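Novice: only geometry, no sequence info:
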């Protein structure tokens, strides 16, 4: 198929049957061609043998003289639909246009393949279609009521010599556009228009055929949307050579204008407000222009919201078209006049507040004596507000127990007094509120402690929920008219203003309870004077002089005032001096003992001395701290942080006050050696790929030590910047046992760390890369063995950093490219000289004969 593929020109299969006087459109397309995407087309016409040129897309002189006038007036034109398709349009085809039409495309292909033209036969027939309305009711006008029925007729016949089918469509004009109602297609199928499918299935819209080629539209249950102009649209169809249906012409005629009178349902009264136990009177009016016999069916609805649908609303009462009213005790429905219906609700209650609306349906009698519903409408909802009869009462709040001190009980009583109009259908509930007491005039919002709903279920607020569940706060009802609030252990956070709100609830006919009134009591202030807590802590060092390796011991004595039966929790802290590089001038939490005498290690991280610190309670107000085998790194200021706790409610302890002791200093007086650290490198500037050697050298001043009595922890760091403004990165470390630890690296370079002498440590960077540059330094932690054989850790020593610079070897990087460039330039230069010499020697040599000129000397200006 790919081998025989070529240009294909297509036109519709003929013959094309068209009606005289109509517009004819003949498409032509080309595919599988080479060249530009936009193709040109030529159209020619032949009645018998010879073809006459009609029109072309690219040659304006292509049209023959016979068609120049029609083409110039636009009766015949070409309409391009795409780059490879056009349409020949003949606006008013005549019998003389019957014949063969040929569409051809000029070749743009590299090779001639396929067909370059195609022909189609066009047959022109006479116009035999006639469409008309009913002779007796031509251009009639109908005025109908909503729900009526009407029928419209039109006649359509064709005398075409061809076998054609008719397509009949009834349309209605909505505004300036026509909408399809119902169609009988050329294939004999009924097709409802958009929006008419449901009415067609229900049989409210029908299309019937009758004698003398008539088509009748029947509309039942007419509504306001059926008003407008109606027309009958008829089109004639013929089956083409490809078995597809083609529309050859279309005609229409306006049949009638229909006006629909709308039926409205309204409630005569607008928004209504009535008092509880009064009567509610509403009237439903039906507006219609019907003069004949009809009956109305009325149904009243009630809804709590104006947006509820009929299915969500409650049916109150109904009356059918036979005037039969449904039974109800407190509600009645009566027929006032022909179009008015009255709803009367006796002894209304608060739950009758809401929205009322009525639904009315109009029924008309049929010829067989039965009744038919023609229209149904629902009124807009009317708002009804029923005002409740509120009970009259007062509320009094008093404190039967007030606290003198913290943790004393508090009891408040909320009493209902002077109650009037409180029947058996009235129920009282209480809500308790708290307002913080502030000395200033700041506005403080109240907090809900607890509230009761209509069935006396207690709902707790966020402030009192946990304490109420623990039994610290008790809400109770002592009598019919008295409610109580009791706080078992009153704390300072409970000081403030308290008030209660008594709510009255009324019971409705459906046994539901609705709140009708709230009365708020005056506030009661709960407050007592308090004295500030005082806590004094004194720290004493038991041994004034000691050396490293001995036990450090100190005691903390506590004295408190204005605190009832206190207990203490103690925390030991240490402030390290600036020489401690791991945590300079910061407070470290060592060990703690809580008020229940439970000891806990806080930030003590020395795993070799887990049991080296002890905190114990000597007396009720005295605590002792011991630290065994002290190290030089333990030097610093030690304090006791004490917290006093007082007993709270329910056996709980609450924090009263905090105290801080005086500092106790640990300062080791020693005459041992002094260590210094420096970093050295013979070549701090290296090239990529070379080896970098960095030495960490430890020097000693003062007392000399044997190599076996000292050891060092060495760590190497690097700062990847020139100004030391970034965080240091750990490269490797060597502990005093000789174990080397390296950090993870991202590049291809490698590290090695070794001790080359008792006081020298070497770091090597193998295969340096550009990211290995930066300031490098080492941190050394000396360990010295004392006379007793105990190893003492000295403070960390940081060396001054040295900058390691990594350069790129430019000569080696550009050596081979430079040699290749120089060699090529030399070869090209010599070749250019050789070509120039040969061209001037043999190819471009030209002899020029010079004319002899007389040589004369110039005359000097003085002799002129």
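Specialist: Looks like it arrived, so ask away. Not measured: the values here are computed from a predicted model.
Novice: From here on, just use CA atoms for contacts and neighbour counts.
Specialist: Will do.
Novice: gap between the residue positioned nearest the centre of the chain and residue 113?
Specialist: For the chain, residue 307 is the residue whose C-alpha lies nearest the centre (Cα atoms, centre = their mean; 29.8 Å). Separation of residue 307 from residue 113 (Cα to Cα, to the nearest Å) stands at 73 Å.
Novice: what's the answer for residue 701, then?
Specialist: Counting by Cα to Cα - residue 701 and residue 113 are separated by 105 Å.
Novice: Looking at the two, which has the bigger crowd around it?
Specialist: Between residue 701 and residue 113, counted using other Cα atoms under 10 Å, residue 113 has the larger neighbour count: 15 against 10.
Novice: Below-threshold pLDDT in the stretch 151-300 of the chain: ranges please.
Specialist: For the stretch 151-300 of the chain, applying pLDDT under 70 flags the ranges 264-265, 267, 269, 289-292.
Novice: Near residue 224, how many other residues are there?
Specialist: 15.
Novice: That should have said residue 14, apologies.
Specialist: Neighbour count of residue 14, defined by other Cα under 10 Å: 15.
Novice: element containing residue 468?
Specialist: Assigned by DSSP states H and E, residue 468 belongs to helix 465-469.
Novice: What are the buried residues along the helix or strand following that helix?
Specialist: Counting by DSSP H and E, the next helix or strand C-terminal to helix 465-469 is strand 473-479. For strand 473-479, the neighbour count (16 or more other Cα atoms under 10 Å) marks 473-475 as buried.
Novice: For stretch 755-770, could you pull out the residues that count as buried?
Specialist: Buried-residue list, stretch 755-770, by 16+ other Cα under 10 Å: 759-769.
Novice: Next step: the residues you listed restricted to helices.
Specialist: Counting by DSSP state H, no part of the buried residues of stretch 755-770 is found in helices.
Novice: need those in CSV with pLDDT and distance to residue 357, can you?
Specialist: As requested, the buried residues of stretch 755-770 are exported to CSV (pLDDT from 0 to 100; distance: Cα to Cα, whole Å):
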residue, pLDDT, distance to residue 357
759, 89, 104
760, 92, 103
761, 93, 100
762, 92, 99
763, 91, 96
764, 91, 96
765, 90, 94
766, 89, 95
767, 85, 94
768, 87, 92
769, 85, 89
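Novice: quick one: which of these is nearest residue 197?
Specialist: The closest of the buried residues of stretch 755-770 to residue 197 turns out to be residue 769 (Cα to Cα; 81.7 Å).
Novice: what residues are up against the closest residue in space to the closest one that isn't next to it in sequence?
Specialist: For residue 769, ignoring the flanking residues on the chain, the nearest one in space by Cα to Cα, 6 or more residues apart in numbering is residue 688 at 5.3 Å. The contact partners of residue 688, taken as Cα atoms under 8 Å, 6 or more residues apart in numbering, are 767-770, 806-809.
Novice: Check the gap between residue 688 and residue 801 for me.
Specialist: According to Cα to Cα, residue 688 stands 21 Å off from residue 801.
Novice: And for residue 105?
Specialist: For residue 105, the distance to residue 801 (Cα to Cα) stands at 87 Å.
Novice: Mind putting the buried residues of stretch 755-770 into JSON lines with distance to residue 450?
Specialist: Shown next, in JSON lines, are the buried residues of stretch 755-770 (distance: Cα to Cα, whole Å):
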{"residue": "759", "distance to residue 450": "77"}
{"residue": "760", "distance to residue 450": "77"}
{"residue": "761", "distance to residue 450": "74"}
{"residue": "762", "distance to residue 450": "75"}
{"residue": "763", "distance to residue 450": "73"}
{"residue": "764", "distance to residue 450": "75"}
{"residue": "765", "distance to residue 450": "74"}
{"residue": "766", "distance to residue 450": "76"}
{"residue": "767", "distance to residue 450": "76"}
{"residue": "768", "distance to residue 450": "75"}
{"residue": "769", "distance to residue 450": "73"}
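Novice: now, which of those sits nearest residue 446?
Specialist: For the buried residues of stretch 755-770, the nearest to residue 446 is residue 769 (69.7 Å; Cα to Cα).
Novice: Would you mind measuring from that closest one to residue 691?
Specialist: When residue 769 is compared with residue 691 (using Cα to Cα), they lie 10 Å apart.
Novice: cool, residue 326 as well?
Specialist: For residue 326, the distance to residue 691 equals 109 Å [Cα to Cα].
Novice: ditto for residue 550
Specialist: 48 Å.
Novice: how about the strands in the stretch 51-200 of the chain?
Specialist: Assigned by DSSP state E, counting those that start in this stretch, the stretch 51-200 of the chain shows strands spanning 52-56, 76-82, 85-90, 99-104, 117-125, 129-133, 140-145, 150-158, 164-174, 177-184, 190-192.
Novice: Over to the stretch 451-600 of the chain?
Specialist: Under DSSP E, counting those that start in this stretch, the stretch 451-600 of the chain gives strands at 458-460, 473-479, 482-487, 496-507, 513-520, 524-526, 534-541, 552-561, 567-575, 587-593, 599-601.
Novice: gap between the second one and the chain center?
Specialist: The offset between the C-alpha centroid of strand 473-479 and the centroid of the whole chain comes to 48 Å, using Cα atoms, centre = their mean, to the nearest Å.
Novice: before we move on, what about the longest one?
Specialist: Computed by Cα atoms, centre = their mean, the separation of strand 496-507 from the middle of its chain amounts to 43 Å.
Novice: angle of that strand against strand 482-487?
Specialist: Strand 496-507 runs at 150 degrees relative to strand 482-487, counting by axes from the mean of the first three to the mean of the last three Cα atoms, to 10 degrees.
Novice: Would you list the strands that strand 496-507 pairs with, along with their directions?
Specialist: Taking DSSP bridges as the criterion, strand 496-507 pairs within the sheet with strand 426-436 (antiparallel), strand 513-520 (antiparallel), strand 524-526 (antiparallel).
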